[in-house]
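Q: Mind folding the following:
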Amino acid sequence: FLEELQTTKHQVDSDAAGAIRVSVPSPQLERDGGQVLISNFAAIARALNREPVHLQRCVQKEGGLSGVPAGERGSGLRVKWKRRGGMAELFDKILYRYCRDFVACPQCGGAKTELLKATSSKDGVEQQCCLCNARRFVPKI
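A: You can find the predicted model right below:
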């Protein structure tokens with residue numbers, strides 16, 4: 001699911017529908033004392049068409065982690081991690097849930113979506129699919 005998020009490309013002729021794949025780079029984790037650096041964090045966010053800050057908030061909330069941007073122009077994320085292992089598995093689970101809740105379209109299953117400030121609610125955020133134009137409110141982080 002993380003490496004290739006399968007989506008459907010909608011066309012006028014339903015028989016001509018082809019698959020579109022969104023490639024998400026594998027997280028590059030580097031241990032640094034009591035912290036782990038996800039050096040390609042911004043690249044992962046870009047592949048999902050999301051702001052790194054939004055993905056960072058989700059990592060912090062879902063994983064109960066404390067993290068700060070790191071690297072050149074915030075291209076990485078430095079996370080406090082005292083345990084010996086398990087960070088890769090935890091990050092994969094968080095990324096899977098993030099894709100399910102904030103990236104994948106519930107109507108067509110497409111991954112080509114955008115997050116927009118909701119017009120009907122001052123606090124809400126809407127997800128709009130670029131393939132089928134479906135809209136829905138997404139959970140607040």
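Q: where along this protein do the strands fall?
A: Counting by DSSP state E, the chain has strands at residues 4-8, 19-23, 29-32, 35-38, 67-70, 76-80, 113-117, 125-129, 135-137.
Q: and residue 41, how many residues sit next to it?
A: By the measure other CB atoms under 10 Å, the count of residues near residue 41 is 27. From N, CA and C alone the C-beta is placed, and that goes for glycine too.
Q: scratch that, residue 113 is what I was asking about
A: 27.
Q: Wait, it touches residue 103, no?
A: Yes: the pair residue 113 and residue 103 passes the contact test of CB atoms under 8 Å, sitting 6.0 Å apart.
Q: what touches both of those two?
A: Shared contacts of residue 113 and residue 103 (CB atoms under 8 Å, 6 or more residues apart in numbering): residue 49.
Q: what stretches of this structure score poorly on pLDDT?
A: Low-confidence segments of the chain (pLDDT under 70): 1-21, 120-123.
Q: all helices for it, in order.
A: In the chain, the helices defined using DSSP state H lie at 41-47, 52-63, 87-98.
Q: so which of those gets nearest residue 118?
A: helix 52-63 (14.8 Å; CB to CB).
Q: on that earlier part again, I'd like the strands of the chain as a markdown table, with distance to residue 94 appended.
A: A markdown table is the format used below for the strands of the chain (distance: least, CB to CB, whole Å):
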| stretch | distance to residue 94 |
| --- | --- |
| strand 4-8 | 15 |
| strand 19-23 | 17 |
| strand 29-32 | 13 |
| strand 35-38 | 11 |
| strand 67-70 | 11 |
| strand 76-80 | 11 |
| strand 113-117 | 17 |
| strand 125-129 | 18 |
| strand 135-137 | 21 |
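Q: what's the closest of those to residue 92?
A: The closest of the strands of the chain to residue 92 is strand 29-32. By CB to CB, the value is 10.7 Å.
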